[in-house]
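1. Provided below for reference: sequence and predicted model.
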Amino acid sequence: MRKRVLAGREHELIELYRAGYSFEELAAHFSCTVSTIRLELDRLEIREIPSKQRMNEHFEKIRHESKFFYYLG
């Protein structure tokens, strides 16, 4: 079995992720791919993957804001 790239650095990864680092920034910091970062956060059950229901709730929340069409881009 192959050794995990981030083995032993999980605490640092979690801290940086919660501090707001992007996946790209984390990948550059740890010298790995964005996919590795996402997979490790999933393995640690840290990353929250939005569900369709949560996205719909957010859409309903912002659709009456004055900048709604700006958000849609």
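-> Ah, there it is.
2. Flag the shaky bits of this structure, pLDDT-wise.
-> 1-2, 73 (pLDDT under 70).
3. what about 90?
-> Low-confidence segments of the chain (pLDDT under 90): 1-8, 45, 47-73.
4. Point to the residue nearest the middle of it.
-> Centroid-nearest residue in the chain, with CA atoms, centre = their mean: residue 47, separated by 5.6 Å.
5. I figured that one hits residue 39, correct?
-> No. Residue 47 lies out of contact with residue 39 (CB atoms under 8 Å); the separation is 9.4 Å. Every C-beta, even on glycine, is put in place using the N, C-alpha and C of the backbone.
6. show me the contacts for residue 41.
-> Listed by CB atoms under 8 Å, 6 or more residues apart in numbering, the contact set of residue 41 reads 13, 17, 47.
7. cutoff 7 Å now
-> Residue 41 is in contact with 17, 47, counting by CB atoms under 7 Å, 6 or more residues apart in numbering.
8. now it, what's its secondary structure?
-> helix (DSSP: H, G, I helix; E, B strand; the rest coil).
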